[in-house]
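**Student:** give me the fold of what follows.
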Amino acid sequence: MEHLTGLGATQVGDRFEHDNSGTDDVDEKAVEWAEEIVGQI
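**Tutor:** Have a look, this model is predicted:
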């Protein structure tokens with residue numbers, strides 16, 4: 001991350017994290033996360 005910010009990049013939204021011990025569908029959660037990020041840019 002530091003390398004990218006050193007080049008002028010900024011983070012948009014939160015990182016996606018998934019706890020594989022849970023019962024959430026990772027694909028579904030990833031799509032929700034991505035849609036939220038796209039809505040911010």
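
**Student:** and the gap between residue 28 and residue 8?
**Tutor:** 33 Å (Cβ to Cβ, to the nearest Å). All C-beta atoms are positioned from the backbone trio N, CA, C, and that covers glycine.

**Student:** one more: residue 21?
**Tutor:** Counting by Cβ to Cβ - residue 21 and residue 8 are separated by 37 Å.

**Student:** show the subsequent helix or strand relative to the one helix or strand in the chain whose mean pLDDT sits lowest.
**Tutor:** Least confident helix or strand, the chain: helix 2-6 with a mean of 89, by mean pLDDT, DSSP states H and E. Where DSSP states H and E defines the elements, the next helix or strand beyond helix 2-6 is helix 26-40.

**Student:** next, the buried residues of that following helix.
**Tutor:** Using 16 or more other Cβ atoms under 10 Å as the test for burial, helix 26-40 gives residue 33.

**Student:** what does the pLDDT read for the residue lying closest to residue 1 once chain neighbours are set aside?
**Tutor:** Closest residue in space to residue 1, ignoring its immediate chain neighbours: residue 11 at 7.5 Å, by Cβ to Cβ, 6 or more residues apart in numbering. Note on residue 11: pLDDT of 88.

**Student:** run a quick neighbour tally on residue 11.
**Tutor:** 10 (other Cβ atoms under 10 Å).

**Student:** could you measure from it over to residue 40?
**Tutor:** According to Cβ to Cβ, residue 11 and residue 40 sit 10 Å apart.

**Student:** how about residue 13?
**Tutor:** Applying Cβ to Cβ to residue 13 and residue 40 gives a distance of 5 Å.

**Student:** my read: residue 12 touches residue 39, true?
**Tutor:** No. Using Cβ atoms under 8 Å as the test, residue 12 is too far from residue 39 to be in contact (10.0 Å).
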